[in-house]
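# can you look at this prediction? I've put the sequence above it.
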Amino acid sequence: MTRTAMKFAAAHAVLVLATGVFSSAASAQQVFRIVGPDGKVTFSDQPPPASANARVSASSGDGNRAAASPSLPFELRRVAGQYPVTLYTGNDCAPCGSARALLTARGIPFTERTVTTNEDSQALKRLSGETALPFVTIGSQQLKGFSDSEWTQFLDAAGYPKTSVLPASYRQAAATPLVTVSTAPAAPAAAPPGATRAATAPSAPPITPAATPDNPAGIRF
């Protein structure tokens with residue numbers, strides 16, 4: 001086998017491995033906020049079983065689906081579907097504004113998640129290992145802090161166009177909180193001993209989180 005053929009085979013193996021990582025990690029980075037019957041809040045990358053009688057909330061995946069909208073040019077839609085971009089931002093964060101401006105000017109379809117509450121911060125720390133902002137994921141690649149040259153390098157490597165090819169009708173989806181807190185009525189007070197239990201309406205089923213992950217994986221360099 002020639003040296004050129006060996007290099008091609010190695011590159012192909014890396015591509016196959018990256019595809020496998022994308023599939024397996026896509027379901028592992030979703031963060032669920034789980035409120036147990038006792039009111040205790042925990043975070044997990046797995047939803048609780050229905051028998052746990054817990055309330056669950058999670059960030060919607062609608063933004064990622066919008067990023068790969070059929071209205072986009074084919075090549076851009078293909079890249080956005082394979083290596084979706086999710087930007088995490090906070091209030092009074094100048095670098096966050098610079099990061100958003102770079103993605104917008106370049107015509108990158110992206111999902112924006114805001115980190116403003118303690119629950120958001122906990123979920124971000126679970127995803128990235130820290131709470132520094134801005135934070136961006138390009139497929140499985142995580143970039144912490146904003147660097148124009150570094151972000152440009154990774155966007156180029158993922159295959160995003162260097163200049164915007166978005167149609168004039170495209171509208172960027174509004175930013176949404178990283179953790180969406182669900183509300184539910186308080187549990188009824190326990191009846192005193194010996195009292196006759198009154199008939200009550202059946203309790204609502206637990207909220208089922210969206211199946212689409214917030215931070216899909218995929219890119220490897």
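Received the coordinates, thanks.
# need the contact list for the residue nearest to residue 169 when sequence neighbours are not counted.
Closest residue in space to residue 169, ignoring its immediate chain neighbours: residue 71 at 6.8 Å, by Cβ to Cβ, 6 or more residues apart in numbering. C-beta here means a position set from N, CA and C on the backbone, and glycine is covered the same way. By Cβ atoms under 8 Å, 6 or more residues apart in numbering, residue 71 lies in contact with 167, 169, 170.
# please determine how far residue 71 is located from residue 81.
Per Cβ to Cβ, to the nearest Å, residue 71 is found 13 Å from residue 81.
# quick one: the strands in this protein?
32-35, 41-44, 55-58, 85-89, 110-114, 135-138, 141-144, 176-177 (DSSP state E).
# helices or strands up against the last one?
Contacts of strand 176-177 with other secondary structure elements, assessed using 3 or more Cβ pairs under 8 Å, 6 or more residues apart in numbering; DSSP states H and E, are made with strand 110-114.
# same question for the fifth one.
Strand 110-114 is packed against helix 62-67, strand 85-89, strand 176-177, with contacts defined by 3+ Cβ pairs under 8 Å, 6+ apart.
# relative to strand 85-89, how tilted is it?
20 degrees (axes from the mean of the first three to the mean of the last three Cα atoms, to 10 degrees).
# quick one: low-confidence parts of this structure?
1-35, 38-70, 181-221 (pLDDT under 70).
# could you redo the last one with a cut-off of 50?
4-29, 59-63, 65-66, 186, 198, 206-219, 221 (pLDDT under 50).
# residue ranges for the helices of the chain, please.
Ranges of helices in the chain, per DSSP state H, are 3-25, 62-67, 74-82, 94-106, 118-128, 148-158.
# that older thread, and the contacts of residue 71, which is closest to residue 98?
residue 170 (21.5 Å; Cβ to Cβ).
# count the residues that sit near that closest one.
15 (other Cβ atoms under 10 Å).
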